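Peer 1: The amino acid sequence is not available; the structure is as follows:
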């Protein structure tokens, strides 16, 4: 699939996904209404600085584990000089961000803006209709020249982020760099070589490989301490291990359904173009039985379901893991071992199914940034966010500051300074860049292109790994939106349904719940009104097809 075609595909729906906070800008008494600036503040529509006098805003952000405190980063210090806007950031660890963000919203303890906001489609509609997040349509038209140009050039972007009421409440991360978009399987090459194992193609091949990893002293220390398969269920791998096997069991013909990252829908569109609730499909049970077999035979890390990124990285650095689920590149495994891994192709199921659902399209992350009703200067805030969509703004996010963190070479390409690219202490590039900018972990307003991307996506081995997946990616992506009535119903249905599925997935996989009780599981789901849950998605899907 050519990248330019992929960039036109539609965004995957995201249904997942501190201290008391005093919100509101601190300069003057401006209007809160969208598109009406304070008479005391003049906002430039297309030049820098954005305001002539320093403006103080407040922000709440999700902090990725290897990024330093946002208030100390060179990126924001430089950006403040360019824009004349200072943001006092309250940063919350990513793992607990959504919960704490929602507490702030429930108490009306709002900042001026959210960044790395992690708003799901339902949350966008809910908080937008409630008035917590302001509609951005007019602000985009008048104060976002960069983003306006993008959505005029590519109407798919607008369609992908607009809610059912026609309003845009959040800004996305845009990405056309394929190596950043495809999450992968990773297998340890020295173990394959030592045990003379071919790269697995089928579910049986995968099982046999993991058995040999367990029993063959793959790490050569004379002990049976190998962990055949692991990941960070509470981090990069994300909830619902089943998503890594779904395509092998017939799910994921269309992208944007089933489950992605830490967010679940468990809705799929089958070969007959019918919306189905995945756990009621016989293939779902068969899939969990396969994963349970791996777990029961000691082929899956018994700690997988409790591991966050930090605990996983410590384990990975012990050189004991053969196969790892998740990540578009291998830097998050840790610098000591990462280059021992390479990707394998998606695994073929018994019926030949080989879909790969763990992929993002051009509108890579929705819900990345939002302006709240407490913001007295929404025009200035929109300009502040919009600048990040031009080349200079994206370079600031991803590369830092020219001459300090990166240089431009004679051939026009960019390169990190040696202290970042080759840290004497062996830290990864991402770990070093996280001391200067916020790009690690993603989910921020930016337009990522190959020319200004120095992430691992540009490494030859990552490009080769990505190419393994291109033939198996969905040919269409959905970005479903919901009416307010539907949102209210989903709010009352989703949490119980998805919490129960996660709980029962883990129980079935680990064997604490017998598959003899499968009928009880499906009956409980039906009592939770999964029929209506599915009908809501089916109606949204029909709207999508009509638009």
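Peer 2: Perfect, I can see it now. Bear in mind the structure is a predicted one, so any value in this text is a computation, not a measurement.
Peer 1: per-domain residue ranges of the protein.
Peer 2: Taking automatic domain parsing as the reference, the chain has its domains at 3-28+36-179+362-463, 183-358, 484-546.
Peer 1: Now mean neighbour count and mean pLDDT too, for the ones you listed, in a markdown table please.
Peer 2: C-beta: built from backbone N, CA, C; applies to glycine. Output for those, formatted as a markdown table (neighbours: other Cβ atoms under 10 Å; pLDDT from 0 to 100):
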| stretch | mean neighbour count | mean pLDDT |
| --- | --- | --- |
| domain 3-28+36-179+362-463 | 19 | 89 |
| domain 183-358 | 20 | 93 |
| domain 484-546 | 16 | 94 |
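Peer 1: is it fair to say residue 366 lies in a helix?
Peer 2: No - using DSSP: H, G, I helix; E, B strand; the rest coil, the secondary structure at residue 366 is strand, not a helix.
Peer 1: distance of it from residue 433?
Peer 2: According to Cβ to Cβ, to the nearest Å, residue 366 and residue 433 sit 24 Å apart.
Peer 1: now do residue 342
Peer 2: Counting by Cβ to Cβ - residue 342 and residue 433 are separated by 23 Å.
Peer 1: Next: residue 388.
Peer 2: Between residue 388 and residue 433 the distance is 16 Å, computed by Cβ to Cβ.
Peer 1: again with residue 265
Peer 2: Distance of residue 265 to residue 433, given as Cβ to Cβ: 33 Å.
Peer 1: Kindly report the same for residue 412.
Peer 2: Residue 412 sits 21 Å away from residue 433, going by Cβ to Cβ.
Peer 1: Assign residue 283 to helix, strand or coil.
Peer 2: At residue 283 the chain is in helix, as set by three-state DSSP.
Peer 1: same check, this time on residue 173
Peer 2: Taking three-state DSSP as the rule, one finds residue 173 in the strand state.
Peer 1: check contacts around it.
Peer 2: Residues in contact with residue 173 (Cβ atoms under 8 Å, 6 or more residues apart in numbering) are 363-365, 368, 442-446, 448.
Peer 1: possible to save these as JSON lines with distance to residue 92?
Peer 2: Listed next are the contacts of residue 173 as JSON lines, based on distance: Cβ to Cβ, whole Å:
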{"residue": "363", "distance to residue 92": "24"}
{"residue": "364", "distance to residue 92": "22"}
{"residue": "365", "distance to residue 92": "17"}
{"residue": "368", "distance to residue 92": "15"}
{"residue": "442", "distance to residue 92": "16"}
{"residue": "443", "distance to residue 92": "13"}
{"residue": "444", "distance to residue 92": "15"}
{"residue": "445", "distance to residue 92": "18"}
{"residue": "446", "distance to residue 92": "21"}
{"residue": "448", "distance to residue 92": "24"}
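Peer 1: Residue 60 belongs to a helix, doesn't it?
Peer 2: No - read with three-state DSSP, residue 60 is strand and lies in no helix.
Peer 1: Contact partners for the nearest residue to residue 137 once chain neighbours are set aside?
Peer 2: Among residues not flanking residue 137 along the chain, residue 168 sits closest, at 5.6 Å (Cβ to Cβ, 6 or more residues apart in numbering). By Cβ under 8 Å, 6+ apart, the contact set of residue 168 is 135-137, 140, 158, 161-162.
Peer 1: can you rerun that using 10 Å?
Peer 2: Residues counted as contacts of residue 168 (Cβ atoms under 10 Å, 6 or more residues apart in numbering) are 124, 128, 133, 135-137, 139-140, 147, 151, 157-158, 161-162, 370.
Peer 1: Please apply the same query to residue 329.
Peer 2: Residue 329 sits next to 179-180, 182-184, 186, 338, 341, 343, 428, 430, 455-459, 461-462, 465-466 when contact means Cβ under 10 Å, 6+ apart.
Peer 1: Those residues in strands, which ones?
Peer 2: Among the contacts of residue 329, DSSP state E puts 186, 341, 343 in strands.
Peer 1: for the protein, longest helix please?
Peer 2: With secondary structure taken from DSSP state H, the chain has its longest helix at helix 484-510.
Peer 1: Now do that helix: distance to the chain's middle.
Peer 2: Taking Cα atoms, centre = their mean, to the nearest Å, one finds the center of helix 484-510 at 20 Å from the center of the full chain.
Peer 1: Could you tell me which of the contacts of residue 329 are located in helices?
Peer 2: Assigned to helices by DSSP H, the following of the contacts of residue 329 qualify: 179-180, 430, 461-462, 465-466.
Peer 1: Mind putting those into CSV with distance to residue 314?
Peer 2: Shown next, in CSV, are these (distance: Cβ to Cβ, whole Å):
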residue, distance to residue 314
179, 26
180, 25
430, 17
461, 24
462, 23
465, 24
466, 27
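Peer 1: In the stretch 201-350 of the chain, what residue spans correspond to strands?
Peer 2: Counting by DSSP state E, counting those that start in this stretch, the segments of the stretch 201-350 of the chain that form strands are 227-230, 259-260, 263-264, 267-269, 275-277, 321-325, 341-344.
Peer 1: Now distance to residue 221 too, for the ones you listed, in a markdown table please.
Peer 2: Putting the strands of the stretch 201-350 of the chain into a markdown table (distance: least, Cβ to Cβ, whole Å) gives the following:
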| stretch | distance to residue 221 |
| --- | --- |
| strand 227-230 | 13 |
| strand 259-260 | 37 |
| strand 263-264 | 39 |
| strand 267-269 | 43 |
| strand 275-277 | 46 |
| strand 321-325 | 14 |
| strand 341-344 | 19 |
